[in-house]
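[1] model this:
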Amino acid sequence: IVCYHQAIAIDPDYAAAHAGIAEYYNWLGVYCVLPFQECALSAYEAAATAVELDPASAEAHGALGQAKLSRDFSWDSAERQLIKAIELNPNYAPARTWYAFQLAMEGRFTEALREAQTAVSLDPFSIISRFSVLWCLYQARRFDEALAMARERLQSEPGNLMLLYGSSYVLSAIGQHEEAIVAARKSVEI
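    As a prediction, this is how the structure comes out:
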C-alpha cells in the first residue's frame, strides 16, 4: 500500500496504482483486518478513480467489480465491471477469480467453477485462485471433490492457510467436525 501511494504521489493519474489500492482495501475488508465499512468505502473510491483515469484498464474494472460486489452486493453492476475486465484482458486471472466468487454466491455453480478453473490455469501460483476452485465446489455442495482437491494440494502445500480454512468448511459440512476444527486451528496458527 505504501508503494502504491508513493506511485500516486509521483503520478496522480497512474490508474494501476489506484486499482492496486482498491484491491488492497477490498481484501482488508473481506478478511476483517480493518473495519469493513471503512475498507469498502476506500476500495470503492480508489477503484472508481482508476476506471475514471483509465477506462481501458482491466485491473481498474476488476477492482471496481470487486468493490461493488464486496461493498454493495450489487450483482448486476459488479458483473458488468468484471465482464468488462475480462473482455479487456481475458488473461487477467483476478477478475476471473472474483467473477467465480460472485457466480457461486448467485448459485451459478457451473459458470463459477469454469471461471475459477480458468483463473487457476492463467495463474497457477495464485493462492486465491486455487482457493476459489475449492470454494466453488463447496458452494455447489460437491463436498467429495472439494475435499479431495484440498487434500491433494495440502500434501504439497501443508501451510496453505486458504486451503486449510476452506477444507474446514468442507469437513464440517460432511460431519467430520473434529478434523474441521484441526484444519481451522492450523489455518489460524500459520
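[2] who does the longest helix along the chain touch, helix- and strand-wise?
    Secondary structure assigned by DSSP state H gives helix 36-53 as the longest helix of the chain. Packing partners of helix 36-53 (3 or more Cβ pairs under 8 Å, 6 or more residues apart in numbering; DSSP states H and E): helix 15-30, helix 58-72. The way it works is simple: take the backbone N, C-alpha and C, and place the C-beta from them, glycine included.
[3] Contacts for that helix, please.
    Outside helix 36-53, the residues that touch it by Cβ atoms under 8 Å, 6 or more residues apart in numbering are 13-16, 18-19, 21-26, 28-30, 33, 57, 59-61, 63-64, 66-68, 70-71, 81.
[4] what's the average pLDDT for that helix?
    Taken as a whole, helix 36-53 has an average pLDDT of 94.
[5] swap in stretch 119-130?
    Mean predicted confidence for stretch 119-130 is 94.
[6] For that stretch, buried residues please.
    For stretch 119-130, the neighbour count (16 or more other Cβ atoms under 10 Å) marks 119-120, 122-123, 128-130 as buried.
[7] swap in stretch 65-73?
    65-71.
[8] helix or strand for residue 102, which one?
    According to DSSP states H and E, residue 102 maps onto helix 93-105.
[9] Can you identify the element that follows that helix toward the C-terminus?
    That would be, after helix 93-105 and using DSSP H and E, helix 109-122.
[10] could you give the angle of that following helix to helix 93-105?
    Inter-element angle recorded for helix 109-122 and helix 93-105: 160 degrees (by axes from the mean of the first three to the mean of the last three Cα atoms, to 10 degrees).
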